[in-house]
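Student: Quick one, fold the following:
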Amino acid sequence: MLFLEELTKQYGDVPALRGVTLRFGAGFTAVTGRSGSGKSTLLKAAGLMIPAEGRILFRGKEVSGLSEREKDGLRNREIGFVFQDYSLEPAYTVRENVELPLLLAGVKRRERRARADECLAFVGLEHKADKRAGQLSGGEQQRVAVARAVANRPGILLADEPCGNLDRENGKNLIGLFKRLAAEGVCVVMVTHNAEDAAEADRIVTLSDGQVLSDTAASGRAAQGAAAEGRLFAEPEEDGRDG
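Tutor: Numbering: from 1, shown residues only. Purely as a prediction, here's the structure:
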């Protein structure tokens, strides 16, 4: 689904990525390594958020030469983001936060609400839909951030230290959501310092000094039990976009 070839990125004289080549498909990948190893830079490059030397292919199509407007459109349609600080609008309701990417994509109001409620049910927060986001706990806000990230049914979900501000229980719940998404065919890539969180993925990529130190596939436990919980990405009857 996503191919990064010979990616190189420097900040001034400091190399952040040095010829990194990786393929990402459906499943749950953890990217780990020490601070300064290039993890967050790799994630930003995968999300088309920074210019980098090398090639980036999405679904077989090279995107490195796209304009910023074209990249913005691709990010909105195909890539979901989850950040450590949640990045919600605290004065908006939970449902309104989840609807934001759908609004930007031109999805009609009725479909926006239905899909937002579907995503909130997926993360177990449908009963908080009308609450202000700022009234929720940190764990709840991060689950809303996941619901918002998958509202447009992206092929890729990128998460940068998503459990960093969560207690252990809420962190486990969030990892569980990533496993379920991966089992549905989403490409989930999570950057983490936490070895326990990384061990829950079905693939672990370790970076060191901007290079791939190791790339290890685990037993595929990320997919176990997900089907029994119900699917999020059911095929829509219509795309529901304004036209």
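Student: Could you check how far Asp117 is from Gly25?
Tutor: 30 Å (Cβ to Cβ, to the nearest Å). Placement of C-beta: from N, CA and C, glycine included.
Student: so what's Leu57 bridging to?
Tutor: Phe3, Glu62 (DSSP bridges).
Student: Does Asn173 lie in a helix or a strand, and which?
Tutor: Using DSSP states H and E, Asn173 sits within helix 168-183.
Student: pLDDT on that helix, on average?
Tutor: Across helix 168-183, pLDDT averages out at 92.
Student: by contact count, what packs against it?
Tutor: strand 27-32, helix 138-149, strand 156-160, strand 187-191 (3 or more Cβ pairs under 8 Å, 6 or more residues apart in numbering; DSSP states H and E).
Student: Which one of these lies nearest to Arg112?
Tutor: If you check each of those against Arg112 by Cβ to Cβ, helix 138-149 wins as the nearest, at 11.8 Å.
Student: what's the closest one in contact with?
Tutor: The contact list for helix 138-149, computed with Cβ atoms under 8 Å, 6 or more residues apart in numbering, reads 80-83, 86-88, 94, 97-98, 100-101, 116, 119-120, 122-125, 128, 133, 136, 157, 162-163, 165-167, 169-170, 173-174, 177.
Student: Just the buried residues of the residues you listed.
Tutor: Among these, those classed as buried by neighbour count (16 or more other Cβ atoms under 10 Å) are 80-83, 86, 88, 94, 97-98, 100-101, 116, 119-120, 122-123, 125, 128, 133, 136, 157, 162-163, 165-166, 170, 173-174, 177.
Student: Which of those fall in strands?
Tutor: Gly80, Phe81, Val82, Phe83, Leu157 (DSSP state E).
Student: if you skip the residues just before and after it, what's nearest to the fourth one?
Tutor: So the one you mean is Phe83. Nearest non-adjacent residue to Phe83, counting by Cβ to Cβ, 6 or more residues apart in numbering: Asp160, 5.4 Å away.
Student: Test of understanding: give the bridge partners of the closest residue to Arg34 other than its chain neighbours.
Tutor: Leaving aside its sequence neighbours, Arg34 sits nearest to Ser208 (Cβ to Cβ, 6+ apart; 7.1 Å). Ser208 has the following beta-bridge partners by DSSP bridges: Gln211.
Student: State the number of residues packed around Ser208.
Tutor: 13 (other Cβ atoms under 10 Å).
Student: can you check Gly12 too?
Tutor: Using other Cβ under 10 Å: Gly12 sits among 5 other residues.
Student: Same check on Glu62?
Tutor: Glu62: 12 neighbours (other Cβ under 10 Å).
Student: Flag every buried residue along stretch 38-58.
Tutor: Under the neighbour-count rule (16+ other Cβ under 10 Å), stretch 38-58 has 38-48, 50, 52, 54, 56, 58 buried.
Student: Please identify which of the residues you listed is nearest to Val20.
Tutor: Using Cβ to Cβ, Leu42 comes nearest to Val20 of the buried residues of stretch 38-58, at 6.4 Å.
Student: pretty sure that closest one is in a strand, no?
Tutor: No - secondary structure of Leu42 (DSSP: H, G, I helix; E, B strand; the rest coil): helix, not part of a strand.
Student: tell me the contacts of it?
Tutor: Leu42 touches Leu4, Leu7, Leu17, Val20, Leu22, Val31, Val191, Leu207, counting by Cβ under 8 Å, 6+ apart.
Student: before we move on, back to that, output the helices and strands packed on helix 168-183 as TSV; include the columns mean pLDDT and distance to Ala217.
Tutor: Compiled in TSV, the helices and strands packed on helix 168-183 are given as follows (pLDDT from 0 to 100; distance: least, Cβ to Cβ, whole Å):
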stretch	mean pLDDT	distance to Ala217
strand 27-32	96	9
helix 138-149	94	24
strand 156-160	95	19
strand 187-191	96	14
